[in-house]
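Colleague: coordinates only, sequence not included:
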Ligand SMILES: Cc1cc2nc3c(=O)[nH]c(=O)nc-3n(C[C@H](O)[C@H](O)[C@H](O)COP(=O)(O)OP(=O)(O)OC[C@H]3O[C@@H](n4cnc5c(N)ncnc54)[C@H](O)[C@@H]3O)c2cc1C
């Protein structure tokens, strides 16, 4: 056991990702004694933050790591569009306003960014990319925190919270078979969502959740979230809402990360286990539609689907880490996928017959579409006819859940009934549902973590000083 753990701290931070470290560094900068209790072993520290690549922020265009200005009003418009207005406007505006400080703040902590990114992601103006990815960014934050005297404890899952009348007293961790009580004057909960807790997901999705793949850490089981809700902290967000994309079905159950994502859908057709198409693959551009496919695949029998393309498309998208399944005929491809060969041949033939002539351009909403199908393909429809044929199996890949704890502009948790907690703050995925009622905007997960992490660190430090 770490000898100092029994002494008590000014600020106790639960979790070890971007939100936790942003809070810990901020509180330590204010001169407070801070402990970070990370449930994962050191190698796996940092939860889903390890998998990230970028952060969305408003800026005036002068940053060398981003192109063009990204005004607050445009950021807010983007957020309203993806959430359909389901956001707390005050907190959304606060997130966006304070996102302007993040590049500078992270730079001060030793985080480095890449030059702006061109290419198919089209995020150079809105998102800054971490040099060395999320892990590089986390390593810089941990180095800074430890240099400032923050005590980081790994393999320290929080198993109980002592909260009295909305006031934090202590957290109990399990370490090396013992239970240790860690006291603090203020709490920052930054322990992620419950996406890795299949039993919890099953409450909303039924048995289908057994077939979900979790793109990030197995340690985000929602234990801290559950304890807080059970102790009377107000809940926010729809428990059935989560960020889910279709990922390569051969990905591991947890932690497959970004390399298992597949962007082939718009280039061909998607069929389910019954070799039937089920949604318009060309409805809109991929950045606007990729996040609906996790849910669509989750609704299919066995929660599996297959993206089918031919050789004219194989080089047009970023491949997954797993090779495509290849065959010289549709019949052979069906056999390799254990689909009914006759049905797959028919669905491809019907699709090919429905394709209208057009000028293919996957960078715009082109005029290549089908006519006469019950489920149309509105853009990028080209005949699937040039062997070899390829397929990728896809399953729902859950990124994170939206149920969280309610907070105010100080990142202070609100009790059931709305009263602010005396000394408890929350940041990151565990409260992201305040800003994201539904939908997602690439890079905003890290923005929410860093903005509310810093606010929580400021608030907790202020409280502990009194
Ligand atoms: C593959 C992938 C790619 C992504 N890419 C991006 C991206 O490029 N940009 C972006 O903005 N967002 C991205 N996201 C989303 C992003 O990862 C999250 O929004 C962000 O990391 C949340 O930060 P956090 O600190 O709240 O949670 P996390 O980083 O997940 O940290 C939660 C921490 O809590 C710990 N913990 C859990 N339970 C306990 C417990 N009981 N006791 C103690 N500790 C506990 C975990 O071990 C973990 O360290 C991506 C997610 C995935 C899965």
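Modeller: Sure, I can see it. Since we're looking at a predicted model, the values are computed, not measured.

Colleague: all contacts plus neighbour counts: C-alpha atoms, from now on.
Modeller: Noted.

Colleague: get me the contact residues on the stretch 351-466 of the chain for the ligand.
Modeller: Taking CA under 6 Å from any ligand atom as the contact definition, the stretch 351-466 of the chain meets the ligand at 399, 428, 429, 443, 444, 445, 446, 449.

Colleague: got any ranges where the stretch 1-150 of the chain has weak pLDDT?
Modeller: Low-confidence segments of the stretch 1-150 of the chain (pLDDT under 70): 1-3, 118-122.

Colleague: can you give me the helices in it?
Modeller: Applying DSSP state H, counting those that start in this stretch to the stretch 1-150 of the chain gives helices spanning 18-29, 72-83, 89-99, 102-108, 133-147.

Colleague: can I get these in CSV with mean neighbour count and distance to residue 47?
Modeller: What follows is the helices of the stretch 1-150 of the chain, written out as CSV (neighbours: other CA atoms under 10 Å; distance: least, CA to CA, whole Å):
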stretch, mean neighbour count, distance to residue 47
helix 18-29, 29, 9
helix 72-83, 17, 25
helix 89-99, 19, 22
helix 102-108, 15, 19
helix 133-147, 20, 10
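
Colleague: one step back: how about the residues of the stretch 351-466 of the chain next to the ligand in TSV, adding neighbour count and pLDDT?
Modeller: Output for these, formatted as TSV (neighbours: other CA atoms under 10 Å; pLDDT from 0 to 100):
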residue	neighbour count	pLDDT
399	22	93
428	28	98
429	29	97
443	19	93
444	22	95
445	24	95
446	26	98
449	30	98
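
Colleague: residues near residue 289, how many?
Modeller: Residues near residue 289, counting by other CA atoms under 10 Å, number 15.

Colleague: check contacts around the closest residue to it other than its chain neighbours.
Modeller: Distances taken as CA to CA, 6 or more residues apart in numbering place residue 283 nearest to residue 289, at 7.8 Å, with adjacent residues excluded. By CA atoms under 8 Å, 6 or more residues apart in numbering, the residues touching residue 283 are 289, 377, 378, 379.

Colleague: these in strands, which ones?
Modeller: The strands, defined by DSSP state E, take in nothing from those.

Colleague: any of those buried? List them.
Modeller: Applying 16 or more other CA atoms under 10 Å to the contacts of residue 283, the neighbour count classes 377, 378, 379 as buried.

Colleague: might one say that the last one is in contact with residue 363?
Modeller: So the one you mean is residue 379. No - between residue 379 and residue 363 there is no contact under CA atoms under 8 Å: 10.8 Å.

Colleague: SS state for the most centrally placed residue in the chain?
Modeller: Centroid check for the chain by CA atoms, centre = their mean gives residue 399 as the closest residue, at 4.3 Å. Going by DSSP: H, G, I helix; E, B strand; the rest coil, the secondary structure assigned to residue 399 is strand.

Colleague: what residues are bridge-paired with residue 175?
Modeller: Here residue 175 sits in beta bridges with residue 178, as judged by DSSP bridges.

Colleague: so what's residue 425 up against?
Modeller: So residue 425 contacts 186, 187, 188, 189, 407, 410, 411, 412, 413, 456, 459, 460 (CA under 8 Å, 6+ apart).

Colleague: could you list every residue that touches the third one?
Modeller: In other words, residue 188. Contacts for residue 188 (CA under 8 Å, 6+ apart) come out as 11-14, 20, 23, 424-427, 456-457, 460.

Colleague: and the strands in the stretch 201-350 of the chain?
Modeller: 213-214, 235-236, 242-248, 269-272, 305-310, 325-327 (DSSP state E, counting those that start in this stretch).

Colleague: enumerate every residue touching the nearest residue to residue 452 once chain neighbours are set aside.
Modeller: Spatial nearest neighbour of residue 452, chain neighbours left out: residue 427 (5.0 Å); criterion: CA to CA, 6+ apart. By CA under 8 Å, 6+ apart, the residues touching residue 427 are 19, 20, 188, 189, 190, 411, 448, 449, 450, 452, 453, 456.
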